[in-house]
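Chemist: the sequence and its predicted three-dimensional model are supplied below.
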Amino acid sequence: MSVGRFLGGVMALVRELENGRYLLLQRSQLKDVGAGSWECVTGRVDQGENFEQALYREVTEEIAVQPTIEFIIGTTHFYRGPASPETELLGMAYACTIPSADGVQLSAEHDAHHWLTKEEVANFLPPTHWLLPIIERAEIIRRAWPEELKEYFAQRPFDISTF
């Protein structure tokens, strides 16, 4: 495959602090890729943005709430639609929180949403859905995340280019 242009993407796994439930969004039936599928907040990094700026923008655009970033879950490589140099993305997945599910307003990018516990997500999605291992990984990191690191990253951005 020839070298195309790499686009950056972000994924925000949003969890409400009030009940520990995760936000699942159903992509609009009008979307060109993945119409009707279930996901978390996702989006592309615009020219001139870093990953964190894109994450805050995408979450605000898609659910009208400003999140708090807890930690980076991991990175990903995927294609938006059929594999081609033009559809290739590199992504960064973040664990985010919001105080409560109250105030969430869906944009036109999504038709429906659910707030589900980890166990409810596992019963709701097919066993091979890409979100299941991401939620599992976030749960493991959250349990092992030392308090000192939580405090450190709560006060500092993850984007090290600002140092």
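Modeler: Great, that's in hand.

Chemist: now the helices for the protein?
Modeler: 51-63, 118-124, 131-144, 147-155 (DSSP state H).

Chemist: in the shortest one, which residues are buried?
Modeler: With burial defined by 16 or more other Cβ atoms under 10 Å, the residues of helix 118-124 counted as buried are residue 121. For the C-beta atoms, the positions are set from N, CA and C on the backbone; glycine is no exception.

Chemist: could you do the third one as well?
Modeler: Of all the residues in helix 131-144, those buried under the rule 16+ other Cβ under 10 Å are 131, 134-135, 138, 142.

Chemist: packing partners of it?
Modeler: strand 7-16, strand 68-79, strand 88-98, helix 118-124 (3 or more Cβ pairs under 8 Å, 6 or more residues apart in numbering; DSSP states H and E).

Chemist: for residue 62, find the nearest of the ones you listed.
Modeler: strand 7-16 (8.5 Å; Cβ to Cβ).

Chemist: average pLDDT for the closest one?
Modeler: Mean pLDDT, strand 7-16: 95.

Chemist: which outside residues touch that strand?
Modeler: With Cβ atoms under 8 Å, 6 or more residues apart in numbering as the test, strand 7-16 has contacts from 21-23, 40-45, 51, 54-55, 58-59, 63, 67, 73, 76, 78, 80, 88-101, 115, 131, 134-135, 138.

Chemist: in the chain, where is pLDDT below threshold?
Modeler: 1-6, 163 (pLDDT under 70).

Chemist: ok so, going back, between the buried residues of helix 131-144, which sits nearest residue 154?
Modeler: The closest of these to residue 154 turns out to be residue 142 (Cβ to Cβ; 13.6 Å).

Chemist: mind listing the residues bridging to residue 68?
Modeler: Taking DSSP bridges as the rule, residue 68 bridges to residue 97.

Chemist: noted, bye for now.
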